[in-house]
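[1] Got a sequence here, can you model it:
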Amino acid sequence: MKKLMTLVAIAVTISATSNAFAHGEQPKHGGIVQESGNGISLELVNKDGKTTIYVEDHGKPVATAGASGKLTVLKGADKSELSLEPGGENTLIAKGEAKLGAGAKAIAAVTLSDKKTASVRFAVK
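    Residues are numbered from 1 along each chain as shown. Next up is the predicted model:
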């Protein structure tokens, strides 16, 4: 019986790990990844005072030329909104300083040049 329980635990762990990788939710740039309902994933990266969002569609980079968006940051009672502009290749850059300290929540709303949209919520730890 103990052997069976161990095998079940291993199977559950492998299944959970496989699902995480299959959905492309692993950060490639050291940020936080969230996937929208239509397969577009956004990775929020905040380094050296610069906030960047990497855009992928089912794991493949999406060109952001002609894309736009807004990043809303909530921290306690504070709320700030920053525009997102193309930064080259598959990135969008927040214009201004995003205060993404521990406990902050961020909502990214993006419209790509082909009019596909993605809206996701990030929780900063």
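[2] Mind checking what helix or strand follows the worst-scoring helix or strand of the chain on mean pLDDT in sequence?
    When the helices and strands of the chain are scored by mean pLDDT, DSSP states H and E, helix 2-22 comes last with a mean of 42. Of the helices and strands lying after helix 2-22 in sequence (DSSP states H and E), the nearest is strand 32-35.
[3] any idea of the mean pLDDT for that following strand?
    Per-residue pLDDT values over strand 32-35 give a mean of 97.
[4] Please enumerate the strands of this protein.
    32-35, 40-47, 50-57, 60-61, 68-75, 78-88, 91-94, 105-111, 117-123 (DSSP state E).
[5] What does N38 show for phi and psi?
    phi -100, psi 20 (degrees, to the nearest 10).
[6] tell me the contacts of it?
    K116, T117, A118 (Cβ atoms under 8 Å, 6 or more residues apart in numbering). Placement of C-beta: from N, CA and C, glycine included.
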